[in-house]
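[1] Output the structure for:
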Amino acid sequence: MKVMMGMCKEGWFQWIVSFGLIVLTILGGGGIPVRAQDDTAREVVIRTSLAEYDEETGLLSARGESTITWQDITMICPYLEVDTLKREAHSSGDIRVLWGGKTIVAEKLHFLGKENRATLEEVTGTGADMHLSAGLAAFDFTAEQVSLTGNPILRINDYEMRSDAIRYSFAAQYWEAAPVWLSRQDWEGRADRGMFREGSDSIELVGNARVEREGSLLQGEKITVFHATGRIRVEGDVEITIVD
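    Numbers count the residues shown, from 1 in each chain. All right, here's what the predicted structure looks like:
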């Protein structure tokens, strides 16, 4: 392992400790892990093969493939530039995120140590029977959720979910959009909220829910769309308008 100037000085160790939830591990010769705290369920880990640190500027350059890991989420970056004074890290280029069976590609990454969150720009991703895209994906590791904004789209089988913001809970494995627009081929639906739990066979539209096809209209408090079969169930103050 190549250790650059200042790597072993007291100031460097103090910065590692003060970096909040981040763990910086410089690999090589078995690796030298330094932990910021014992809460491994919430900590973020940065790993790289070589890092150069400049004590005068507080900048650390991690050249070669570097990773940011939180639980089962791994963000793979072609490099990382870390500002130890601001407690921020940047990367750009071919950034890949491996997450719960999904593969996400992004063009830029900005990690904020103080806020314990990472934002990715120009995001596309695929998973089992689903596809997502957004101008911005904000991973909040403290709240354990990710928020998609910037014309976010979530496709589930043949259905396309749109909203101003689509949020995902890591713990519940649950997508939620408010308000929501849902479409499939020749019909469109909308509601106050739309929900989809990964692994389930349905998408729920709740609150002023309606589905329209060629002028005909289904309305109710809740509409359940079974995305595998195309079946639709309407509940609560149901109103049906049929146009010949």
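[2] contacting residues around the spatially most central residue of the chain?
    Among the residues of the chain, the one closest to the centroid is V146, at 4.1 Å (Cα atoms, centre = their mean). Counting by Cβ atoms under 8 Å, 6 or more residues apart in numbering, V146 touches 137-140, 167-168, 170. All C-beta atoms are positioned from the backbone trio N, CA, C, and that covers glycine.
[3] among those residues, which ones are buried?
    137-140, 167-168, 170 (16 or more other Cβ atoms under 10 Å).
[4] Show only the entries of the residues you listed found in strands.
    Among those, the members found in strands (DSSP state E) are 137-140, 167-168.
[5] now these in TSV, with pLDDT?
    Formatted as TSV, these follow (pLDDT from 0 to 100):
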residue	pLDDT
A137	98
A138	97
F139	96
D140	95
R167	97
Y168	96
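[6] Tabulate those in a markdown table, adding columns for distance to G93.
    Converted to a markdown table, those look like this (distance: Cβ to Cβ, whole Å):
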| residue | distance to G93 |
| --- | --- |
| A137 | 16 |
| A138 | 20 |
| F139 | 18 |
| D140 | 24 |
| R167 | 27 |
| Y168 | 25 |
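[7] Following element in sequence after the helix or strand bottoming out on mean pLDDT in the chain, please.
    None of the helices or strands of the chain scores lower by mean pLDDT, DSSP states H and E than strand 32-34, at a mean of 31. The helix or strand immediately downstream of strand 32-34 is strand 44-48, counting by DSSP states H and E.
[8] Okay, now the sheet partners of that following strand, with direction.
    strand 22-26 (parallel), strand 66-70 (antiparallel) (DSSP bridges).
[9] In space, what's closest to I153 - neighbours in sequence excluded?
    Once flanking residues are discounted, I153 sits nearest to S133: 5.0 Å by Cβ to Cβ, 6 or more residues apart in numbering.
[10] Looks like V82 contacts S66 (just checking).
    No. Contact criterion Cβ atoms under 8 Å: V82 and S66 do not qualify, at 9.4 Å.
[11] more neighbours, those two?
    Just comparing V82 and S66: by other Cβ atoms under 10 Å the higher neighbour count belongs to V82, 27 against 23.
[12] Run through the residues that contact the more buried one.
    By Cβ under 8 Å, 6+ apart, V82 lies in contact with 46, 59-62, 88-90.
[13] Give me the distance from stretch 163-172 to the chain's centre.
    Mean-position distance between stretch 163-172 and its chain equals 9 Å (Cα atoms, centre = their mean, to the nearest Å).
[14] Equivalent analysis for stretch 224-244, please.
    For stretch 224-244, the distance to the chain centre is 31 Å (Cα atoms, centre = their mean).
[15] same deal with stretch 69-87?
    Distance, centroid of stretch 69-87 to centroid of chain: 14 Å (Cα atoms, centre = their mean).
[16] low pLDDT regions in this structure?
    Scanning the chain for pLDDT under 70 picks out the ranges 1-42, 244.
[17] any chance you could map the helices in it?
    In the chain, the segments counted as helices under DSSP state H are 10-18.
[18] biggest separation within the contacts of V82, which pair?
    I46 and L59 (14.5 Å; Cβ to Cβ).
[19] Which one's more surrounded, these two?
    Using other Cβ under 10 Å as the criterion, I46 and L59 rank with I46 on top: 24 against 15.
[20] Okay, and the beta partners of the more buried one?
    L24, I68.
[21] Could you do Q219 as well?
    R210, E239.
[22] Could you number the chain from 14 rather than 1 from now on?
    I'll keep to 14 as the first residue from here, and by that count the last item is Q232.
[23] Thank you kindly, that will do.
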